[in-house]
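# how would this look folded up:
(2 chains)
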Amino acid sequence: MADRPLRIIIAKAGLDGHDRGAKVIARALRDAGMEVIYTGLFQTPEQIVQTAIQEDADGIGLSILSGAHMTLFPLVIDQLKEQGAEDVVFFGGGTIPPEDAVELKQRGVQAVFTPGAPLQEIVDFVEARCGKRRELVG
Amino acid sequence: MAKMIDRASGLGAPATPEFEAQHQAWEGSAAAGRPRVGPGSGAVDRTISDVPLKAVYGPQDVAHLDLARDLAYPGQYPYTRGIHANGYRDRLWTMRQFAGFGNAKQTNERYHFLLSQGQTGLSVAFDMPTLMGYDSDAPQSRGEVGRCGVAIDSLADMEVLFDGIDMGKITTSMTINGPAAIAVAQYIAAAEKKGISRAELGGTIQADILKEYIAQKEWIFPPRPHMRVIVDMIEFCTAQMPKWNTISISGYHIREAGSTAAQELAFTLADGFAYVEACMAAGMDVDSFAPRLSFFFNSHIDFFEEIAKFRAARRIYARRMRDRYGAKNPKSWQLRFHTQTAGCSATAQQPENNIVRVAYEAMAAVLGGTQSLHTNSMDEVLALPTEKSVEIALRTQQVLAYETNVTNVADPLGGSYFVEALTDEMERQAEAYFAQIEEYGGVVEAIEAGFFQKEIAEASYRYQRSIEAKDRVVVGVNAFARDEKPGDMDLLKITEEVERAQARSVQDVRANRDAANVRASLERLQRACRDPKDNLMPHLIDCVNAYCTEGEITEAMVQVYGRYTERSVF
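Sure, this is the predicted structure:
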């Protein structure tokens, strides 16, 4: 059992201002007892990963509804590798067509949630994956 | 002859002993009824926005309404029953499908298709870089070019977008806010190059910057300088473009961000009144500009609540415009609005079900008296719509207009105990919000305090929780779900090649223009930005005609006004 709560970054990247989903997820994770840092809008992949490292976060959830997901998700993965933070659990969601979700998962996004995904499913996922990471990394 | 009832103008008729006995008998039998069980039974006593509902409505619920004061007839103040005496009998709403993707040429082809299929107006969807004032080759634009709309970097793109389209005949709506004044300048310049004068141009520019800070988040400058740009644009268009709707004050995005119906209504009208006050403060006569103001609402899935919202919007607006702002021209009292069905009500699961949702939402908009309508396509929750799904969405409107006969009678729900009581409740809730906003000192102050943002975040979380708890059913999501395999639907793909080609194209524009003219026009624009008495629009038109790009024009203005950053709350 971790002695401090899981810490999760909820991020918005690119020029996309749709923040309803990101904020609802942030609230739900907080209500589930996690520490949530919401980055606000218009973050670059570099900034998102830097925030995660500075905050010693267990996971990053990225929300994209503008169609730029196939560019921005891989850029975050590149940054995680470059900045030596590949152990951070990376998941996301938005208006993402099923085939794209499959491809993103192959490229290292651990889960992709689309509109209608139950909050509890997301909370369960984050608790399980980030909890496992905590056990490994400490 | 029957005895005249001694009630001058009340909607609720006084109860006779026989009717009162019926009422009491109903109360008795309703109390004895057992509540429904099963999916969705947790929310039978309230609307999707948590407005409490009774099991039935009667004359006692509308007894306080005065027929002359609160309803009148269609086409009469306070326009609760619509702004046209004949409803849709003499003129249907405008069927206007929002469209744009990839580059200007691809979108131009979609427009030609839609017009050939009987669509009666155009509506431009811009991509994110265009909406935020960045050129397609800017680092901020990576991955976003042409994705959720069309990329328009300069006048060259606007010329291609309207190639072969008679800009003097067709009306065009442009959904853009931060750079709205630049888009209008581009539209004017493109038309004038074809020999069509700006006075002939009909259409709408959204230009509603206040709701960007509240909900949609596509801003450039901070609120105060942004208001100056908008007021300049309204003043210019009012004087030179008599057929142009100078602003489209929008609740759509407020609702999509998760607000309730009453919040959408209240915040949108509050924004509208803020523009009215800003224009009046700039010295404009209210009757000079108010007739060209227009609104844009969401039509969500709670059928009667939406109809009540539209009817209340007209009544509140008419009263305020006449009584508070002293407008004398009836056109200034009439709230005209566009409607779009609720994107946020669509589901990624069983996407074909969205066709049905859209049809109900469209009918609510029409029963609420909309002037124009966009019906969403079933696949928009996954990607930009394909031609096939756009066609179904347009056909949905045509079936509604030509087959259902709901258009044959003006305001067919007028006088319904329930609809009138709910309309009244919407007005009451909106007035309560107006009082709260006034306590902050106005809309801009309430934005700066994060009031709207917090109210919306709360409502959206509450709604999501009610879905999670299965108090409400979303078909195919938390009930009646089935396993789906990915790739069941054909989706529109925007390739990365679009981005590369568009970046090259804007670089070509920069290489093939008179650089001195570019510099000079941008400098004149910056001087005008510093001089509140110099209207910005003529300078923007000069910049556009010099083929300055949108990014260059925006950057020149940002150097004077700064860029806005939000304090995020969740």
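# can I get the longest helix along chain A in CSV? Just the C-alpha atoms.
In chain A, taking DSSP state H as the definition, the longest helix is helix A:119-137. Taking C-alpha atoms only, helix A:119-137 is exported to CSV below (Å, rounded to 0.1, in the frame of the first residue of the first chain):
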residue,chain,number,x,y,z
LEU,A,119,-15.8,7.2,-14.9
GLN,A,120,-15.4,4.2,-12.7
GLU,A,121,-13.7,2.3,-15.5
ILE,A,122,-11.1,5.1,-15.8
VAL,A,123,-10.7,5.4,-12.0
ASP,A,124,-10.2,1.6,-11.8
PHE,A,125,-7.7,1.6,-14.6
VAL,A,126,-5.6,4.4,-13.1
GLU,A,127,-5.7,2.9,-9.6
ALA,A,128,-4.6,-0.5,-10.9
ARG,A,129,-1.9,0.6,-13.4
CYS,A,130,-0.5,3.5,-11.4
GLY,A,131,-0.7,1.4,-8.2
LYS,A,132,1.4,-1.3,-9.9
ARG,A,133,3.9,1.3,-11.1
ARG,A,134,4.2,2.5,-7.5
GLU,A,135,5.0,-1.0,-6.3
LEU,A,136,7.7,-1.3,-8.9
VAL,A,137,9.3,2.2,-8.7
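# near chain B at all, that helix?
Yes: Helix A:119-137 is in contact with chain B by Cβ under 8 Å from any Cβ of the partner chain, via A:119-120. C-beta: built from backbone N, CA, C; applies to glycine.
# where's that helix relative to the chain centroid, distance-wise?
11 Å (Cα atoms, centre = their mean, to the nearest Å).
# buried residues in it, which are they?
A:119, A:122-123, A:125-127, A:129-130, A:133-134 (16 or more other Cβ atoms under 10 Å in any protein chain shown).
# would you map the strands across chain A?
In chain A, the strands defined using DSSP state E lie at A:7-12, A:35-38, A:59-64, A:89-94, A:111-113.
# out of these, which is closest to chain B?
Closest approach to chain B among the strands of chain A (Cβ to the nearest Cβ): strand A:35-38, 5.2 Å.
# are that closest one and chain B in contact anywhere?
Yes: interface with chain B: strand A:35-38 contributes A:36, A:38 (Cβ under 8 Å from any Cβ).
# can you list the strands that that strand pairs with?
Its sheet considered, strand A:35-38 pairs with strand A:7-12 (parallel) by DSSP bridges.
# what comes into contact with the strand it pairs with?
A:19, A:22, A:25-26, A:29, A:34-43, A:48, A:51-52, A:55-64, A:126, A:130, B:570 (Cβ atoms under 8 Å, 6 or more residues apart in numbering or on different chains).
# next one: that strand to chain centre, how far?
In terms of Cα atoms, centre = their mean, the centre of strand A:7-12 is found 6 Å from the chain centre.
# also stretch A:10-23?
Here stretch A:10-23 shows a centroid-to-chain-centroid distance of 11 Å under the convention Cα atoms, centre = their mean.
# end-to-end on that stretch?
Taking Cα to Cα, to the nearest Å, stretch A:10-23 runs 8 Å from one end to the other.
# same check on stretch B:69-82?
14 Å.
# just the buried residues out of the contacts of strand A:7-12, in ChimeraX syntax.
For the buried members of these, the matching ChimeraX selection, counting by 16+ other Cβ under 10 Å, is:
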select /A:19,22,25,26,29,34,36,37,38,39,40,41,42,43,48,51,52,57,58,59,60,61,62,63,64,126,130 /B:570
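# one step back: can I get the strands of chain A in JSON lines including distance to residue B:115 and mean pLDDT?
Converted to JSON lines, these look like this (distance: least, Cβ to Cβ, whole Å; pLDDT from 0 to 100):
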{"stretch": "strand A:7-12", "distance to residue B:115": "36", "mean pLDDT": "97"}
{"stretch": "strand A:35-38", "distance to residue B:115": "43", "mean pLDDT": "96"}
{"stretch": "strand A:59-64", "distance to residue B:115": "32", "mean pLDDT": "97"}
{"stretch": "strand A:89-94", "distance to residue B:115": "32", "mean pLDDT": "96"}
{"stretch": "strand A:111-113", "distance to residue B:115": "37", "mean pLDDT": "96"}
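# what does the stretch 251-400 of chain B put close to chain A?
Proximity of the stretch 251-400 of chain B to chain A, by Cβ under 8 Å from any Cβ, involves residues B:256-258, B:344, B:346-349, B:381-384.
# hmm, try it at 6 Å
Residues of the stretch 251-400 of chain B lying near chain A by Cβ under 6 Å from any Cβ of the partner chain: B:257-258, B:347-349, B:381-383.
# grab the longest strand from chain B for me.
In chain B, with assignment by DSSP E, the single longest strand is strand B:293-299.
# what helices and strands are in contact with the next helix or strand after it?
Using DSSP states H and E, the helix or strand that directly follows strand B:293-299 along the chain is helix B:303-319. Applying 3 or more Cβ pairs under 6 Å, 6 or more residues apart in numbering or on different chains; DSSP states H and E, one finds that helix B:303-319 contacts helix B:261-281, helix B:353-367, helix B:417-440.
# ok, now which ones touch the residue of the stretch 301-450 of chain B found nearest chain A?
Proximity of the stretch 301-450 of chain B to chain A (Cβ to the nearest Cβ) peaks at residue B:348, 4.5 Å away. By Cβ atoms under 6 Å, 6 or more residues apart in numbering or on different chains, the contact list for residue B:348 reads A:114-116, B:381-382.
# that one belongs to a strand?
No: according to DSSP: H, G, I helix; E, B strand; the rest coil, residue B:348 belongs to no strand; its state is coil.
# mind listing the strands for the stretch 151-300 of chain B?
For the stretch 151-300 of chain B, the strands defined by DSSP state E, counting those that start in this stretch cover B:172-175, B:203-205, B:244-245, B:247-250, B:293-299.
# in its sheet, what does the longest one sit against?
Strand pairing for strand B:293-299, using DSSP bridges, gives strand B:247-250 (parallel), strand B:337-341 (parallel).
# C-alpha coordinates for that strand, CSV please?
Extracted as CSV, the C-alpha positions of strand B:293-299 are listed here (Å, rounded to 0.1, in the frame of the first residue of the first chain):
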residue,chain,number,x,y,z
LEU,B,293,-27.6,40.8,-33.5
SER,B,294,-28.3,37.1,-33.6
PHE,B,295,-28.1,34.2,-31.3
PHE,B,296,-27.0,30.6,-31.5
PHE,B,297,-28.3,27.9,-29.1
ASN,B,298,-27.9,24.2,-28.5
SER,B,299,-30.7,21.8,-28.8
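# get me the contact residues on chain B for chain A.
So far as Cβ under 6 Å from any Cβ goes, chain B lies against chain A at B:128, B:132, B:142-144, B:147-148, B:216-218, B:257-258, B:347-349, B:381-383, B:457, B:460-461, B:464, B:468, B:477, B:486-487, B:491, B:568, B:570.
# pLDDT at residue 68, what is it?
Just so you know, I chose chain A. pLDDT, residue A:68: 91.
# wrong chain, I was asking about chain B
Reported pLDDT for residue B:68: 94.
# now do the SS call for it.
helix.
# that one: how many residues sit nearby?
For residue B:68, the neighbour count with other Cβ atoms under 10 Å in any protein chain shown is 13.
# quick check: it vs chain A, distance?
42 Å (Cβ to the nearest Cβ, to the nearest Å).
# that residue and residue B:104, how far apart?
Using Cβ to Cβ, to the nearest Å, residue B:68 is found at 52 Å from residue B:104.
# so which residues on chain A come close to chain B?
A:14-15, A:17, A:20, A:23-24, A:26-27, A:38, A:40-41, A:66-68, A:71-72, A:97-99, A:114-116, A:119.
# ok, the residue nearest to residue B:247 when sequence neighbours are not counted - contacts?
For residue B:247, ignoring the flanking residues on the chain, the nearest one in space by Cβ to Cβ, 6 or more residues apart in numbering or on different chains is residue B:207 at 4.7 Å. By Cβ under 6 Å, 6+ apart, the residues touching residue B:207 are B:177, B:180, B:230, B:247.
# who's in contact with residue 73?
If you meant another chain, say so; for now it's chain A. A:104, A:109.
# buried subset of the contacts of residue B:207?
Neighbour-count burial (16+ other Cβ under 10 Å) is assigned, among the contacts of residue B:207, to B:177, B:180, B:230, B:247.
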